[in-house]
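Colleague: I'll drop the sequence and a predicted model, then ask my questions.
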Amino acid sequence: MALHDGQRVKLAADVRLAGSLTLAGDSPRSSTGSADSPDSFDPADVVAGSLSLAAGTEGTVERVDEHPKRESHEVREYLRLKSLLDDFGPQMPPGSRRQLEDQVGSLEADWHAHQSQRLRVTVRVRLDNGFVLDEAREDLFTDA
């Protein structure tokens with residue numbers, strides 16, 4: 001399901017968030033410094049926490065981010081060699097062209113695997129209970 005800004009969604013499964021918590025950028029932290037000031041960091045300010053959200057918790061999509069597919073070294077090499085073959089293959093000596101074709105052929109499986117990868121999409125959802133889930137995988141949500 002493709003999500004879009006403003007869409008009403010609900011959590012498809014129970015979600016547990018755990019780890020260290022930090023104050024939002026504009027929240028006052030202490031009288032000695034701001035939350036954005038690296039010089040005022042105090043290890044005592046770090047808080048560990050856990051939060052569980054039940055499946056079915058509803059909210060609104062605020063932002064959808066599409067992330068480019070990650071290209072492996074093999075994929076980049078395939079693209080480079082394929083471009084070289086397409087551009088200069090007809091003018092190359094037969095032995096060199098055959099060698100280049102073999103190299104391209106050996107990388108085709110990596111290229112096809114890359115092509116079949118799904119685009120990674122994350123969302124920012126403001127839940128009705130006030131919580132905001134940012135950079136959450138889109139598959140955590142269903143249409144409300």
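Modeller: Everything's here; your move.

Colleague: Low-confidence regions, the protein specifically.
Modeller: Within the chain, the stretches with pLDDT under 70 are 21-47.

Colleague: The strand ranked longest in the chain - contacts with which helices or strands?
Modeller: The single longest strand within the chain, with elements called by DSSP state E, is strand 58-67. Here strand 58-67 touches strand 8-11, strand 120-127, strand 132-137, going by 3 or more CB pairs under 8 Å, 6 or more residues apart in numbering; DSSP states H and E. Backbone N, C-alpha and C define where each C-beta goes, glycine included.

Colleague: Now render those strands as JSON lines, adding mean neighbour count.
Modeller: Converted to JSON lines, these look like this (neighbours: other CB atoms under 10 Å):
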{"stretch": "strand 8-11", "mean neighbour count": "18"}
{"stretch": "strand 120-127", "mean neighbour count": "18"}
{"stretch": "strand 132-137", "mean neighbour count": "14"}
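
Colleague: any chance of these in CSV, plus distance to residue 19?
Modeller: As requested, the helices and strands packed on strand 58-67 are exported to CSV (distance: least, CB to CB, whole Å):
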stretch, distance to residue 19
strand 8-11, 19
strand 120-127, 17
strand 132-137, 13
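
Colleague: between these, which one is nearest to residue 65?
Modeller: strand 120-127 (5.0 Å; CB to CB).

Colleague: What lies in contact with that closest one?
Modeller: Defining contact as CB atoms under 8 Å, 6 or more residues apart in numbering, one finds that strand 120-127 is touched by 2-3, 9, 53, 57-67, 69, 132-138, 141.
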